[in-house]
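Engineer: Predicted coordinates and the sequence they were generated for:
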Amino acid sequence: MKMNRLGRTDIEVSELCLGSMTWGTQNTTQEGHGQIDRALEAGINFIDTAEMYPVNPLSAETQGRTEEVIGDWFERDGRRKDVILATKHSGAGVKYVRDGAPISAGSISQAIEGSLARLKTDYIDLYQFHWPNRGSYMFRQNWRYDPSKQNRAETLAHMDETLEALQAEVKRGTIRAFGLSNESAWGTTQWVNAAERTGGPRVSTIQNEYSLMCRMYDTDLAEVSVNEDVGLLSFSPLAVGLLTGKYQNGQIPDGSRMALNGDLGGRKTERAFAAVDAYLEIAKKHGINPVHMALAWCMTRPFMVSVIFGATTMGQLDQALGYVDVVLSDEILAEIDAAHRQHPMPY
């Protein structure tokens, strides 16, 4: 499997990353361990998690369980060095994680210590901020996003202070690299500038939603990625299962994301199903599994570092791994572009 570098670090990760957010709710510890074993066997060396996981549902009772599943695997196999591990500081909004306090210089050490204990390791390869304190337009908030109440001076001071705290963790050996999530182009460039001012760790990656159905990254953030060496770790590359076709024509499979949370976080729209039809038709015309087409297409993007995918069954995991044999022709790419023009923002 192809390896890519995280920003300007010396860390190399596989172009496919194993997501873990269902481990502890939809998946048992044993199932999570089986997925890790299978992924490493296939050449994946990258696992992404977060201190607030698992999801479906999010709850105080299960919070942190996903990191514990990974930690139990490290303890079981002793293969910590075989994995590039990414986790996240939850920040504001999750009341049962440090009372929902925002990201701050004071909370970073506490959050890292909690993750390290659950993960049963003494270092994290990529430590990410789950979303900005000032807010984000991700998760369908772009329709009413209003940055006019932001305080620029406070934002820049926050960046300086937290980078200094992160640098202390780098020196302590608890983290190797720093990443963002659910960020904007302006925010990402300001983090780059702050690292130059403070000597703190330079942002290496940004983890935002990206798929055939969600392409907000294609403009300003793409330019930031290429020019500032801050590559994308895309989440929801299958549009939370929409691009598999399993929800077409009113289908709601038992145990699926739609069965658990209904509207797929605002992604369930009539326009979404029409867009999926267009992409399924392209895959059918060219005899390609739509899952493979969606993943392979993400890999063609010039700003992509790694594509994060999750699976609730081993069959789903094996199906995703089949993308490696797929090469998308210029004809297919042109048809995908045409479908995107017809269905530019389906949710």
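Structural biologist: Cool, the structure landed.

Engineer: Which residue ranges of this structure form helices?
Structural biologist: With DSSP state H as the criterion, the chain has helices at 29-41, 65-77, 105-119, 152-172, 185-198, 220-228, 257-261, 270-285, 290-299, 314-321, 330-342.

Engineer: Mind listing what's buried along the third one?
Structural biologist: In this case it means helix 105-119. Applying a neighbour-count criterion of 16 or more other Cβ atoms under 10 Å, one finds 107-108, 111-112, 114-116, 118-119 buried in helix 105-119. All C-beta atoms are positioned from the backbone trio N, CA, C, and that covers glycine.

Engineer: that older thread, put together TSV for the helices of the chain, with distance to P237 and mean pLDDT on each row.
Structural biologist: Shown next, in TSV, are the helices of the chain (distance: least, Cβ to Cβ, whole Å; pLDDT from 0 to 100):
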stretch	distance to P237	mean pLDDT
helix 29-41	15	98
helix 65-77	19	97
helix 105-119	25	97
helix 152-172	28	98
helix 185-198	20	98
helix 220-228	16	98
helix 257-261	14	84
helix 270-285	12	97
helix 290-299	5	98
helix 314-321	9	96
helix 330-342	14	98
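
Engineer: Tell me which of these sits nearest to D48.
Structural biologist: helix 65-77 (10.1 Å; Cβ to Cβ).

Engineer: Now find how far off-centre that closest one is within its chain.
Structural biologist: Relative to the centre of its chain, helix 65-77 is centred 20 Å away, using Cα atoms, centre = their mean, to the nearest Å.

Engineer: what comes into contact with that helix?
Structural biologist: 20-21, 23-25, 29, 32-33, 36, 47, 49-51, 53-54, 80, 83, 85, 87, 115, 118-121 (Cβ atoms under 8 Å, 6 or more residues apart in numbering).

Engineer: Just give the nearest non-adjacent residue to the residue most central in space within the chain, would you?
Structural biologist: Centrality entry for the chain: nearest residue to the mean C-alpha point is F235, 3.8 Å, by Cα atoms, centre = their mean. Spatial nearest neighbour of F235, excluding adjacent residues (Cβ to Cβ, 6 or more residues apart in numbering): I308 at 4.7 Å.

Engineer: hey, what's the one you found bridged with?
Structural biologist: C17 (DSSP bridges).

Engineer: quick thing: my sequence starts at 12, can you match it?
Structural biologist: From this message on, residue numbering opens at 12, which makes the last subject I319.

Engineer: what residues are up against it?
Structural biologist: Taking Cβ under 8 Å, 6+ apart as the definition, contacts of I319 comprise 28-30, 59, 218, 244-246, 248.

Engineer: residues in contact with V214?
Structural biologist: 18, 189-191, 199, 202-203, 206, 241.

Engineer: Let's have these in CSV, adding neighbour count.
Structural biologist: Formatted as CSV, the contacts of V214 follow (neighbours: other Cβ atoms under 10 Å):
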residue, neighbour count
G18, 22
F189, 26
G190, 26
L191, 23
T199, 22
W202, 25
V203, 18
A206, 19
V241, 26
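
Engineer: From V203, how far out is the closest residue to L332 other than its chain neighbours?
Structural biologist: Once flanking residues are discounted, L332 sits nearest to A53: 4.9 Å by Cβ to Cβ, 6+ apart. Per Cβ to Cβ, to the nearest Å, A53 is found 34 Å from V203.

Engineer: same deal with P357?
Structural biologist: 31 Å.

Engineer: Pull the contacting residues for A283.
Structural biologist: So A283 contacts 224, 250, 253, 357-358 (Cβ under 8 Å, 6+ apart).
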